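Peer 1: sequence isn't available, so here's the structure alone:
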């Protein structure tokens, strides 16, 4: 539901927000339109792309995505095989539409990934490809890279294959539809098996020490007349579906490690200081982390509907740092694991929206087929790390800036009002006292409207506090709260809310 039903009905605020979002795009150098030569090449590619010989259109593939999605990267079909399972996972065949070294390829390398903004996405590929010819839309025959996994009764992968094939999705479902069908007891076998396999994979994740931050999702929405922010807890169906993608990424990583060529998504384990700090926060917030329990299992035990445990889940972000890409060719890298997943992992399931996945698909298909990795894919490996890291930073800046702008707009008529909140992360001034007017800044979770914000004041994690909104600047994309009863800021304050 929207945060406390806050919407942006004031015409002047609407215009200010539109201007602020446009300026944000300009600041980040993001352009939605593609050069004419890229569009011309895309039209030619759609008319002349290669079609695979293998036909799997008889399989009952479905897609599961957020409402309104058009760029559909994945479709899944599951079967019971004796005491185990067979999972087919089709990924959009973007390489069929992108000529190596061509205009589309070069533009995609410049962009790195699709960037999502409240006023429209900045696509990685021209829409004629990403939202039409390559998208796994229902009822249409599409080329795809199809992973085939044989799983035992515990959900462990026993065999992996990858090949190009034609598929036809039977239905485009949302997570809410899947969850509703399963909860009602009337779901088809494909969805029941998704839950069955998903739960087995979650248990395997627990056993290997994997972890995930299941935080309520925040989404900026625009219904054509107004902007608003939606928040919702993750549904179990999202986790079940995500487990299929995680399984595929792990299989891709293992293929590339065995073949000694590819690009991994890596992340180091949390350092001792971060773990110790998080343990202290858990004690302060009244939910101690038991000795001997893996941090992934502890995070799964938290109830994010409890404000204190939600604040602890936010604090756990300190354990998920340093993610990056690691390309290799011939010599295996020293670090190959993604610590949160607790296994080697690669991005391979979203080629319509992420550059690196196209290369991983082609490399894995060559390794599965025991053929040479195409030279164009091998030659790109040295620059993929930097291309993806740069685009990730750009996407994060857009996401943060857009959220800051919309929050400021939604709160612009509430300046001066007071709110109840729980401190997510506290901060104290140097030596326990303000210095030259400096006020420390922490993070709070507002109770109503229910979103995070930065707040000035002597804050202690886990405390229930009362705060006042003193600034909501749409143009500057800044929202500023202060702890009530703290002295007013007379000098240099900490980083203002949303400036991050």
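Peer 2: Arrived safely, thanks for sending. This structure is a prediction, so every number in the text was calculated from the model and none was measured.

Peer 1: quick one: mean pLDDT for the longest helix anywhere in the chain?
Peer 2: Identified as the longest helix of the chain according to DSSP state H is helix 375-411. In this model, helix 375-411 has an average pLDDT of 92.

Peer 1: next: stretch 196-208.
Peer 2: 95.

Peer 1: list the buried ones in it?
Peer 2: 196-198, 200-202, 204-205 (16 or more other CB atoms under 10 Å). Every C-beta, even on glycine, is put in place using the N, C-alpha and C of the backbone.

Peer 1: now the end-to-end length of stretch 79-90.
Peer 2: Distance between the two ends of stretch 79-90: 14 Å, counting by CA to CA, to the nearest Å.

Peer 1: so which bits of that stretch are buried?
Peer 2: Here stretch 79-90 shows 84-90 as buried, counting by 16+ other CB under 10 Å.

Peer 1: and for stretch 67-75?
Peer 2: 71-75.

Peer 1: next step: the buried residues of stretch 79-90 restricted to strands.
Peer 2: 84-90 (DSSP state E).

Peer 1: what's the closest of those residues to residue 468?
Peer 2: Nearest to residue 468, judged by CB to CB, of those is residue 89 at 50.5 Å.

Peer 1: how far off centre is the next helix-or-strand element following the longest helix of the chain?
Peer 2: Where DSSP states H and E defines the elements, the next helix or strand beyond helix 375-411 is strand 418-425. Distance of strand 418-425 from the chain centroid (CA atoms, centre = their mean, to the nearest Å) equals 26 Å.

Peer 1: where does the stretch 351-500 of the chain dip in pLDDT?
Peer 2: Along the stretch 351-500 of the chain, segments meeting pLDDT under 70 span 427-438, 449-450, 485-500.

Peer 1: try 50 this time
Peer 2: Along the stretch 351-500 of the chain, the parts satisfying pLDDT under 50 run over 487-500.

Peer 1: what's the helix or strand for the nearest residue to residue 374 once chain neighbours are set aside?
Peer 2: Closest residue in space to residue 374, ignoring its immediate chain neighbours: residue 362 at 6.0 Å, by CB to CB, 6 or more residues apart in numbering. Using DSSP H and E, residue 362 maps to helix 355-368.

Peer 1: helices and strands around that helix, which ones?
Peer 2: helix 103-111, strand 157-168, helix 236-259, strand 261-266, helix 375-411 (3 or more CB pairs under 8 Å, 6 or more residues apart in numbering; DSSP states H and E).

Peer 1: for it, which residues meet the burial criterion?
Peer 2: Buried residues in helix 355-368, counted by 16+ other CB under 10 Å: 355-368.

Peer 1: before we move on, what about stretch 93-106?
Peer 2: Of the residues in stretch 93-106, those buried (16+ other CB under 10 Å) are 93-98, 100, 102-105.

Peer 1: just flag the most distant two among those.
Peer 2: Maximum distance among the buried residues of stretch 93-106 (CB to CB): 19.1 Å, for 93 and 103.

Peer 1: what's near enough to touch the closest residue to residue 296 other than its chain neighbours?
Peer 2: Leaving out its chain neighbours, the residue that sits closest to residue 296 by CB to CB, 6+ apart is residue 211, at 3.0 Å. By CB atoms under 8 Å, 6 or more residues apart in numbering, the contact list for residue 211 reads 294-296, 299-300, 319-320, 340, 342.

Peer 1: what angle separates the longest helix of the chain from strand 261-266?
Peer 2: 20 degrees (axes from the mean of the first three to the mean of the last three CA atoms, to 10 degrees).

Peer 1: please spell out which residues along helix 375-411 are buried.
Peer 2: Neighbour counts over helix 375-411 (16+ other CB under 10 Å) mark 377-378, 380-381, 384, 387-388, 391-392, 394-395, 397-399, 401-411 as buried.

Peer 1: which ones are touching the nearest residue to residue 162 once chain neighbours are set aside?
Peer 2: Computed as CB to CB, 6+ apart, the closest residue to residue 162 that is not its neighbour in sequence is residue 368, at 4.4 Å. With contacts defined as CB under 8 Å, 6+ apart, residue 368 is in contact with 160-163, 255.

Peer 1: circling back to that earlier point, in a markdown table, list the helices and strands packed on helix 355-368 along with distance to residue 186.
Peer 2: Shown next, in a markdown table, are those (distance: least, CB to CB, whole Å):
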| stretch | distance to residue 186 |
| --- | --- |
| helix 103-111 | 42 |
| strand 157-168 | 24 |
| helix 236-259 | 15 |
| strand 261-266 | 37 |
| helix 375-411 | 37 |
